[in-house]
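> Just the structure for this:
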Amino acid sequence: MLMKKGAEARLFLEEWHGRKVIMKKRLPKKYRLPQLDERIRSYRTLHEPQLMHQSKEAGVPTPTIFLVDVKEANIVMEFIEGEQVKKILHTLTTEERRKLCNHIGVSIGTLHNHGIIHGDLTTSNMILTPHEKIVFVDFGLGEFSTELEARGVDLHLMKRVFQSTHYDCVEDGFEAVWTGYAEAVGEESAGDVSKKIVEIEERGRYIRREET
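Next up, the predicted model:
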């Protein structure tokens, strides 16, 4: 059953050896040269499980990988029972939301401390399980990097998600994410990332002014 159709891949809910799994299929892109397309799909199919495994090793929960088929550009992984943070954030009390968002921030900081950039930090890619564990999913655009720019872009996207999707709880939402992040990476590193976010925002405003 098709669960999600994205620009990079499609997610299917399947039965695999008696268990419920997610099958991620990267389909060929006709606008790319065939050899380039195959190289990109193969690379991402190999790279994503590596990022997820390293994240789990760092202490940030991710789905377990069961099978990687590089030739077909498919990944079979654990189906995570729970709710997307995006769907439940507005249903929480202020205190519950702050606690959850603080935990998210600590997890992001932990990833960055281990040189892991998620690449698509949205509340759609975080699952809250029935046991109140936050599982990070969809590392398809992620990378291994310790660059300040990459960390800034990661957090900048998270901030924009709160400003657009969760605009009614930016203060007790993103601020709690940031507090948790600073706890994980330290105030000095967090300060550097904060400055980088401001710089990224300024670049965005400049581009928009140029376009008009």
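> quick one: low-confidence ranges for this structure?
204-212 (pLDDT under 70).
> and with 80 instead?
Across the chain, residues meeting the criterion (pLDDT under 80) sit at 6-8, 204-212.
> what about the strands in it?
2-5, 10-16, 19-25, 65-69, 74-78, 83-84, 116-117, 126-128, 134-136, 143-144 (DSSP state E).
> JSON lines for the ones you listed, including mean neighbour count and distance to residue 103?
Glycine gets a C-beta too; all of them are placed from N, C-alpha and C. Formatted as JSON lines, the strands of the chain follow (neighbours: other C-beta atoms under 10 Å; distance: least, C-beta to C-beta, whole Å):
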{"stretch": "strand 2-5", "mean neighbour count": "11", "distance to residue 103": "24"}
{"stretch": "strand 10-16", "mean neighbour count": "14", "distance to residue 103": "25"}
{"stretch": "strand 19-25", "mean neighbour count": "18", "distance to residue 103": "23"}
{"stretch": "strand 65-69", "mean neighbour count": "15", "distance to residue 103": "24"}
{"stretch": "strand 74-78", "mean neighbour count": "20", "distance to residue 103": "20"}
{"stretch": "strand 83-84", "mean neighbour count": "15", "distance to residue 103": "15"}
{"stretch": "strand 116-117", "mean neighbour count": "25", "distance to residue 103": "17"}
{"stretch": "strand 126-128", "mean neighbour count": "23", "distance to residue 103": "10"}
{"stretch": "strand 134-136", "mean neighbour count": "21", "distance to residue 103": "6"}
{"stretch": "strand 143-144", "mean neighbour count": "14", "distance to residue 103": "23"}
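> which parts of stretch 156-176 are buried?
For stretch 156-176, the neighbour count (16 or more other C-beta atoms under 10 Å) marks 156-159, 161-162, 166, 169, 172-176 as buried.
> Residues in contact with that stretch: which ones?
86, 89-90, 94, 97-102, 105, 108, 120-123, 177, 197, 200-201 (C-beta atoms under 8 Å, 6 or more residues apart in numbering).
> Kindly report the same for stretch 44-55.
So stretch 44-55 is in contact with 8, 24, 26, 62-63, 65, 68-70, 73-75, 77, 111, 114, 116, 136, 139-140, 142-144, going by C-beta under 8 Å, 6+ apart.
> Buried residues in it, which are they?
For stretch 44-55, by 16+ other C-beta under 10 Å, it's 44-45, 48-49, 51-52, 54-55.
> What's the separation between residue 96 and residue 138?
According to C-beta to C-beta, to the nearest Å, residue 96 and residue 138 sit 24 Å apart.
> okay, those two: which has more neighbours?
Legend: neighbour count by other C-beta atoms under 10 Å for residue 96 and residue 138, higher for residue 138 (25 against 13).
> Now for the residue nearest to residue 196 when sequence neighbours are not counted, how many residues are close by?
Leaving out its chain neighbours, the residue that sits closest to residue 196 by C-beta to C-beta, 6 or more residues apart in numbering is residue 152, at 3.2 Å. Residues near residue 152, counting by other C-beta under 10 Å, number 20.
> Perfect, I'm done here.
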